[in-house]
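> Pasting the sequence and the predicted model now:
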Amino acid sequence: MWDDGNSLGPKEVHNYLTRVMYNRRNKFNPLWNSLILGGLKMDRSTLERVTMIGVHYEDNHVATGFGNHLARPILREEWNENLTFEEGVKLLEKCMRVLLYRDRSAVNKLQIAKITDEGFTISQPYSLKTQWKFKAFENPTVGAEGSW
């Protein structure tokens with residue numbers, strides 16, 4: 001490929017990563033990563049996920065870890081193709097806030113990436129506004145049997 005004029009697009013990179021992860025799984029030596037790949041080639045956008053055992057899929061929204069269990073249901077309910085960029089950021093912040101409240105040791109900083117025909121932009125890190133004064137957060141184990 002060095003001088004034949006071909007170039008790998010996001011779909012080809014995703015297929016390659018899927019094969020690498022599946023191959024390592026079959027050798028019982030998986031790479032302990034979950035990967036998300038987004039890109040644009042010839043006016044076709046793609047957003048795909050590959051797990052450490054080679055499971056892969058393409059969708060309009062993807063997530064890893066707790067996000068796959070807690071954020072994707074929110075995205076299934078509230079996401080639509082007509083969202084503006086600002087509405088999408090608000091939805092993403094809602095999902096991240098839910099994940100942050102689930103894992104209080106997580107950091108509340110994030111960055112937003114935007115991929116367009118002109119290229120990509122990545123925002124500066126910023127902090128989510130959170131509220132930890134909820135009654136349930138003050139002493140979460142009160143009344144729980146066997147709690148410390």
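Nice, thanks for sending it over. Residues are numbered from 1 along each chain as shown.
> can we go C-alpha only for contacts and neighbour counts from here?
Fine.
> Who are the packing partners of whichever helix or strand residue 93 is part of?
Using DSSP states H and E, residue 93 falls within helix 85-102. If you count contacts as 3 or more Cα pairs under 8 Å, 6 or more residues apart in numbering; DSSP states H and E, helix 85-102 packs onto helix 72-78.
> I'd like the distance from the helix it packs on to the chain centre, please.
The chain centre lies 13 Å from the centre of helix 72-78; the measure is Cα atoms, centre = their mean, to the nearest Å.
> Okay, buried residues for that helix please.
72, 74-75 (16 or more other Cα atoms under 10 Å).
> Format those residues as JSON lines; extra columns: distance to residue 85 and pLDDT.
Formatted as JSON lines, the buried residues of helix 72-78 follow (distance: Cα to Cα, whole Å; pLDDT from 0 to 100):
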{"residue": "72", "distance to residue 85": "18", "pLDDT": "95"}
{"residue": "74", "distance to residue 85": "17", "pLDDT": "97"}
{"residue": "75", "distance to residue 85": "15", "pLDDT": "96"}
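> Report the contact partners of residue 109.
When contacts are counted by Cα atoms under 8 Å, 6 or more residues apart in numbering, residue 109 touches 125-128.
> where does it fall, phi/psi-wise?
Torsion angles at residue 109 (phi, psi; degrees, to the nearest 10) stand at phi -100, psi 140.
> Dig out what it forms beta bridges with.
For residue 109, the beta-bridge partners are residue 127 (DSSP bridges).
> residue ranges for the helices of the protein, please.
For the chain, the helices defined by DSSP state H cover 10-26, 66, 72-78, 85-102, 135-138.
> show me the contacts for the spatially most central residue of the chain.
The chain has residue 63 as the residue nearest its centroid, 3.4 Å off, counting by Cα atoms, centre = their mean. By Cα under 8 Å, 6+ apart, residue 63 lies in contact with 36, 49, 71-72.
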